[in-house]
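A.B. asks: Need the 3D shape of this:
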Amino acid sequence: MRHLGEDFMRFILIFLILLISASNNADPLERYAPQNITKAVALATKLSNTEWNYKWKGHSYRFFLNADGTISKLESWKDVHWVVIGANEIILEGYTDKMHLIFDRNIKTFASVDWDGSKSSGVLIH
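C.D. replies: Coordinates of the predicted model:
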C-alpha cells in the first residue's frame, strides 16, 4: 500500500508541474511578449556560469551551467543542454528525455522531478 501512495504523490507532482508549464506556455503571444522574453534573458544571464548542488535520492551531485547551454562537472550529464523557457524555468534536454527545473524568486534553489520521475532539488553554490 505504501508503494501506491508514493506513486500517487509522484503522479500529482508531475501533473502539477505539467499543468503549470501548460498554463505558462498556452498562449504563444503571451509567452513571446517582450517583457517575458526580457525575463527569460535575465534568467539565462543569472544562470550562466553557476554551480549547483543537486540532491536526488539522498545523494548530492555538483553540476555547472555553462554560458553556452552545456553542463559540466557531472559526467553523466555531459551531453545534456539547458534551455530557458520562462522567467524562472529551464529545461534540461538529454538525447531522449527532458527535465524541468523551477527556480525560486531569488534563483538560489530549484525544485524538479528527476529523469526517473523522483523528486529532486538543487541549491546554488556560486
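A.B. asks: Can you tell me the closest non-neighbouring residue to V123?
C.D. replies: The shortest distance from V123 to any non-neighbouring residue, by Cβ to Cβ, 6 or more residues apart in numbering, is to N53 (4.9 Å). C-beta coordinates here come from the backbone N, C-alpha and C atoms, glycine included.
A.B. asks: ignore the last one, N49
C.D. replies: Leaving out its chain neighbours, the residue that sits closest to N49 by Cβ to Cβ, 6+ apart is A67, at 5.4 Å.
A.B. asks: Correct me if wrong: W56 contacts D114.
C.D. replies: Yes. In terms of Cβ atoms under 8 Å, W56 counts as a neighbour of D114; the distance is 5.4 Å.
A.B. asks: hey, what's in contact with both of those two?
C.D. replies: Listed as contacting both W56 and D114 by Cβ atoms under 8 Å, 6 or more residues apart in numbering are S120.
A.B. asks: what sits opposite the most centrally placed residue in the chain in the beta ladder?
C.D. replies: Nearest to the centroid of the C-alpha atoms of the chain, with distances taken as Cα atoms, centre = their mean, sits L101, at 1.3 Å. Beta-bridge partners recorded for L101 (DSSP bridges): I90, S112.
A.B. asks: Just list the residues touching it, thanks.
C.D. replies: 89-92, 110-112, 122.
A.B. asks: low-scoring stretches of this structure, by residue?
C.D. replies: 1-37 (pLDDT under 70).
A.B. asks: For it, just list every one of the helices.
C.D. replies: For the chain, applying DSSP state H gives helices covering 2-25, 28-31, 34-47.
A.B. asks: For T70, which non-adjacent residue is closest in space?
C.D. replies: H81 (5.9 Å).
A.B. asks: which ones are touching F103?
C.D. replies: 43, 88-90, 109-110.
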